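[1] Predicted model and sequence below, questions to follow.
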Amino acid sequence: MTTAQTQAQPVSTLLDPATVQSIADEVWPSLVGDGEAFVPVPVAPPAEVVSAWVDIVGPWTGSVVLTCSPATARALTENVLMSRPPAVVDDEDVADALGELANVLGGNIKSVLPGESRLGLPRIGTAPPRGRLDDVCALVGQWRGDFLTITVQGTAPHPSGTEVPQ
């Protein structure tokens with residue numbers, strides 16, 4: 001398969017939700033803690049969310065995005081940092097922990113995509129816009145009963161009509 005052929009393929013033909021779940025199943029216990037898991041059983045989304053993501057640039061270009069509520073982000077941070085309440089978790093800690101989760105998920109997802117790719121630095125904030133509807137592989141689920149999603153999404157077209165990495 002040529003690079004041009006891979007580029008035109010949406011992530012939904014390159015990656016399936018079962019593969020993303022398998023990656024999450026490996027990453028969660030090692031980063032979040034023994035016995036911890038991302039469960040692909042949807043729950044209602046919260047009114048406010050925060051996202052962390054990394055960009056993948058290569059034959060397929062897009063982002064791996066982790067999205068949850070700010071409260072879930074703080075709880076994940078406590079687990080990732082292995083601190084116990086009443087530890088004070090600040091915004092920098094949350095950015096580091098969620099960024100690390102997105103980075104590890106992204107690195108593992110990059111490794112199963114065809115061709116050579118580069119992984120960008122983790123970012124946190126409002127998730128980047130999604131590209132084409134068929135260029136999305138999303139797992140909607142929960143961690144400890146709270147809303148959490150892992151989304152692998154193509155890059156949204158730039159107003160000029162070309163796709164640009166975030």
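    Everything's here; your move.
[2] Now the phi/psi pair for the residue nearest the centre of the chain, please.
    For the chain, the residue lying nearest the average C-alpha position, counting by Cα atoms, centre = their mean, turns out to be residue 65 (2.9 Å). Its backbone dihedrals place residue 65 at phi -120, psi 130, with angles given as degrees, to the nearest 10.
[3] show me the contacts for it.
    Residues counted as contacts of residue 65 (Cβ atoms under 8 Å, 6 or more residues apart in numbering) are 51-53, 102, 127-128, 149-153. C-beta coordinates here come from the backbone N, C-alpha and C atoms, glycine included.
[4] okay if I get those as a markdown table plus neighbour count and pLDDT?
    Compiled in a markdown table, the contacts of residue 65 are given as follows (neighbours: other Cβ atoms under 10 Å; pLDDT from 0 to 100):
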| residue | neighbour count | pLDDT |
| --- | --- | --- |
| 51 | 20 | 96 |
| 52 | 28 | 97 |
| 53 | 27 | 97 |
| 102 | 23 | 97 |
| 127 | 20 | 91 |
| 128 | 19 | 91 |
| 149 | 20 | 96 |
| 150 | 26 | 96 |
| 151 | 22 | 95 |
| 152 | 28 | 95 |
| 153 | 23 | 94 |
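[5] just checking, which of those residues belong to helices?
    residue 102 (DSSP state H).
[6] Out of the contacts of residue 65, the closest to residue 21 would be?
    Distance to residue 21, by Cβ to Cβ, is smallest for residue 150 among the contacts of residue 65, at 8.5 Å.
[7] per-residue confidence at the residue nearest to the centre of the chain?
    In the prediction, the pLDDT value recorded for residue 65 is 97.
[8] Which strand residues bridge it?
    The residues listed as beta-bridge partners of residue 65 by DSSP bridges are residue 53, residue 151.
[9] just the helices in this structure please.
    3-8, 11-14, 17-31, 70-80, 91-112.
[10] Save those as a markdown table, and put in distance to residue 135 too.
    Written out in a markdown table, the entries for those read as follows (distance: least, Cβ to Cβ, whole Å):
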| stretch | distance to residue 135 |
| --- | --- |
| helix 3-8 | 10 |
| helix 11-14 | 5 |
| helix 17-31 | 14 |
| helix 70-80 | 26 |
| helix 91-112 | 14 |
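[11] Thank you kindly, that will do.
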